[in-house]
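Undergrad: sequence unknown, structure follows:
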């Protein structure tokens, strides 16, 4: 999606986040399967149906984005792992919901290659940005790693707010209905909320990697950003769970009404993220879904007023939800 002919920095912390992301993604899949099996054994078929809806919907959405981005780039793949399947095979992989795994593997490949080059020849790694004009036309592994990591982070954001956030709301609602949450269930809920905040933080770091004055990102700022999003997301999901606990049928009506309002503002933002009209409408609909849970910047320029307006709207909505619960 981004121009890899420009030289970008891929620091050590980004490498750590990339290495951690793939195991966490696989662990999330395993936990989803275990949760579905648990609901089936307990004969909680309503919860099972809702969970399957979240899992299937988020998977179809992320695979659709991944396939569209490949088609926009005319199936130009920059890693050895991604070049293994042909375009037709790659399409079949996306149909069977496996295409995003090749993106994960490709990002990990370029991250390891970039990190290995820095260790092997740090002097050349530091000076390669001042090469000839011919060399500047060829993207290096570090720039490719940054570009691919940004695309993958965007896919993780979509998957997070299409699956993990609704799933955590469902989990919190079940805890409230049981009335006696055990320590393991509470621990799983905290880990899920942390995983959502981690995905937002990772995307924020990848986005700032493209800004010339933000290449050197301090880990302290990422920790603060992670904590801030953890508090915001936890409060939002808790309010939704409390509302769903007393009025379970109306939570879907609340989502539809809120999503329509947020989708309208996403349309009015005149986003230009995708390269086709249908893809752009899909993106605006996805932004409305993400905004239902957390802030997500979609427009260039100063965002102070939009951010303040959004958080005021969310604060009002949270107060209404908690008031209905009381």
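TA: Structure's in. What do you need? What you are looking at is a predicted structure, and each value in this text was computed from that prediction instead of being measured.
Undergrad: what ranges do the helices span in the chain?
TA: For the chain, applying DSSP state H gives helices covering 12-41, 45-72, 80-83, 87-95, 99-120, 122-127, 133-136, 141-159, 165-178, 183-208, 219-246, 250-268, 277-291, 304-325.
Undergrad: how big is the angle separating the last one from helix 165-178?
TA: Angle of helix 304-325 versus helix 165-178, following axes from the mean of the first three to the mean of the last three Cα atoms, to 10 degrees, is 20 degrees.
Undergrad: got the end-to-end distance for stretch 286-304?
TA: Using Cα to Cα, to the nearest Å, one end of stretch 286-304 lies 22 Å from the other.
Undergrad: hmm, who's touching that stretch?
TA: 61, 157-158, 161-162, 165, 196, 200, 229, 232-233, 236-237, 255, 258-260, 262-263, 265-266, 269-271, 273, 306-307, 310-311, 314 (Cβ atoms under 8 Å, 6 or more residues apart in numbering). No exception for glycine: its C-beta is placed from N, CA and C like everyone else's.
Undergrad: Report the distance from that stretch to the chain centre.
TA: Its chain's C-alpha centre and that of stretch 286-304 lie 13 Å apart, by Cα atoms, centre = their mean, to the nearest Å.
Undergrad: got the buried residues for it?
TA: 286-294, 296, 298 (16 or more other Cβ atoms under 10 Å).
Undergrad: Let me have these in JSON lines, extended by distance to residue 224 and pLDDT.
TA: Formatted as JSON lines, those follow (distance: Cβ to Cβ, whole Å; pLDDT from 0 to 100):
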{"residue": "286", "distance to residue 224": "27", "pLDDT": "96"}
{"residue": "287", "distance to residue 224": "25", "pLDDT": "95"}
{"residue": "288", "distance to residue 224": "28", "pLDDT": "95"}
{"residue": "289", "distance to residue 224": "26", "pLDDT": "96"}
{"residue": "290", "distance to residue 224": "21", "pLDDT": "95"}
{"residue": "291", "distance to residue 224": "22", "pLDDT": "96"}
{"residue": "292", "distance to residue 224": "24", "pLDDT": "96"}
{"residue": "293", "distance to residue 224": "20", "pLDDT": "95"}
{"residue": "294", "distance to residue 224": "16", "pLDDT": "93"}
{"residue": "296", "distance to residue 224": "18", "pLDDT": "88"}
{"residue": "298", "distance to residue 224": "23", "pLDDT": "84"}
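Undergrad: Just the buried ones from the contacts of stretch 286-304?
TA: Neighbour counting with 16+ other Cβ under 10 Å marks 61, 157-158, 161-162, 165, 196, 200, 229, 232-233, 236-237, 258-259, 262-263, 265-266, 271, 306, 310, 314 as buried within those.
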